[in-house]
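Novice: just the structure for this:
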Amino acid sequence: MKFGVHGLPLIGCGDWNDAMNRVGAGGRGESVWLAFFLIRVLERFAAIAARRGETETAREWRATSQRLAHDVELHAWTARGTAARSSTTARRSVRP
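Specialist: Numbers count the residues shown, from 1 in each chain. This next block holds a predicted model:
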């Protein structure tokens, strides 16, 4: 997986949602949604890897998950705790 300048996952082109089709053109479009998804997937797969005795893989996936959570907190929220570039008033929360 490739990450952008803010440490968030890059979104590709050709998204199923036509409104998002060109977000990743030029290799610069970052996705907060993909970051949320990847954080959760990495946490769950790290647990599976740990149960299988794959401690180094589990450690890497946990570290990446924690780094992503940090980058989301740093770059995806305003100082007031609302989503950056959003008119919503949703409160900040990386973890469910």
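Novice: quick check: buried residues in stretch 55-74?
Specialist: Neighbour counts using 16 or more other C-beta atoms under 10 Å place 58, 61-62, 64-65, 68-69, 71-72 of stretch 55-74 among the buried residues. (Each C-beta comes from the backbone N, C-alpha and C, glycine too.)
Novice: could you do stretch 32-52 as well?
Specialist: 32, 34-36, 38-39, 42-43, 45-46, 49.
Novice: show me which of those residues is closest to Ala76.
Specialist: Val32 (4.6 Å; C-beta to C-beta).
Novice: isn't that closest one up against Ala76?
Specialist: Yes: applying C-beta atoms under 8 Å, one finds Val32 in contact with Ala76, separated by 4.6 Å.
Novice: what's the helix or strand hosting Ile39 packed up against?
Specialist: Assigned by DSSP states H and E, Ile39 belongs to helix 32-51. On a contact count with 3 or more C-beta pairs under 8 Å, 6 or more residues apart in numbering; DSSP states H and E, helix 32-51 meets helix 55-75.
Novice: much appreciated, bye for now.
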